[in-house]
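[1] With the input below, show me the fold.
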Amino acid sequence: MAWFFTEHNIKSDRHIITGEDAKHISKVLRMSRGEELTIVTPDKTQCLCEVFSINSDSVTVDVISKKPCENEPDVFVTLYQALPKSDKMDFIVQKCVELGISRIVPMLSARCVSRPDAKSLAKKRERWQKIALQAAMQSRRGIIPEVCPCVSFQNAAELTKENEQTIIFYEMGGAPVREIIENKPKTIGMFIGSEGGFEQSEVDLITKSGGSAATLGKRILRAETAPLAALSVIMYQTGNFD
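    Just a heads-up that it's a prediction; the model follows:
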């Protein structure tokens, strides 16, 4: 699973890896000269590389081949997730990245029990972004999905204007996703509630703005299960599980 990301496009045939990735290669993976690894660049180029040398703080690799990364879904899905209790958000971030989420926006809705202060939220976001990175490496993504700063529900609703399709998953009912996603959109925003779900006024705000209320069936799912189920349905419906 030697899959890494770089902040810069690789233009030469030799590249030097430093920082935490270099430590991971040398001390965790214990790779040696001649072994292969993959580096993905910001332009989603997948570079197959061979280890040339390993030092205490850097790894030098030779680029063998380059090709566009084909591991990304062709729909950009943003998760607007109402903050759940305890460390459930860690699990949500990890699994949604594995399933193909493109961006995660934590938010505070009316029924959120968890309401950390700004300092705590900043630390949590830093941890969530690290989890997203690790999950992207494990699942061989072409991007590292961004975990955005936490916003209010009203601000999240405003952000959905940039999406072609917005879906709010509501435990009190709605339409099946297959009826909502008829013409395949390029960008989708999906709203998932915390343990207490959404207020009717919040659902109305989304639907009045052009969004749709959707159902995940008659069973009530846990806060950490709902986003995974919803994202899986969207990925299936848009052909990204083919």
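[2] which other residues reach the host helix or strand of residue 107?
    Residue 107 is part of strand 103-108, with elements assigned from DSSP states H and E. For strand 103-108, the surrounding residues in contact (Cβ atoms under 8 Å, 6 or more residues apart in numbering) are 76-83, 89, 92-93, 96, 115, 121, 125, 128, 132, 145-153, 155-156, 159. Any C-beta I mention is one placed from the backbone N, CA and C, and that applies to glycine too.
[3] That strand: how far from the chain's middle?
    10 Å (Cα atoms, centre = their mean, to the nearest Å).
[4] Neighbouring strands - and their directions - for it?
    In the sheet containing strand 103-108, the strands it pairs with under DSSP bridges are strand 76-82 (parallel), strand 146-147 (parallel), strand 151-152 (parallel).
[5] ok, then the element right after the last one?
    Reading on from strand 151-152 to the C-terminus, the next helix or strand found by DSSP H and E is helix 153-159.
[6] Please name every helix or strand in contact with that next one.
    strand 76-82, strand 103-108, helix 200-208 (3 or more Cβ pairs under 8 Å, 6 or more residues apart in numbering; DSSP states H and E).
[7] What angle do strand 76-82 and the following helix or strand past it make with each other?
    For helix 153-159, the following helix or strand on the C-terminal side (DSSP H and E) is strand 165-169. Interaxial angle of strand 165-169 relative to strand 76-82 (axes from the mean of the first three to the mean of the last three Cα atoms, to 10 degrees): 30 degrees.
[8] Now the next helix or strand after strand 165-169: buried residues?
    For strand 165-169, the following helix or strand on the C-terminal side (DSSP H and E) is helix 177-180. Residues of helix 177-180 classed as buried: 177, 180 (neighbour count, 16 or more other Cβ atoms under 10 Å).
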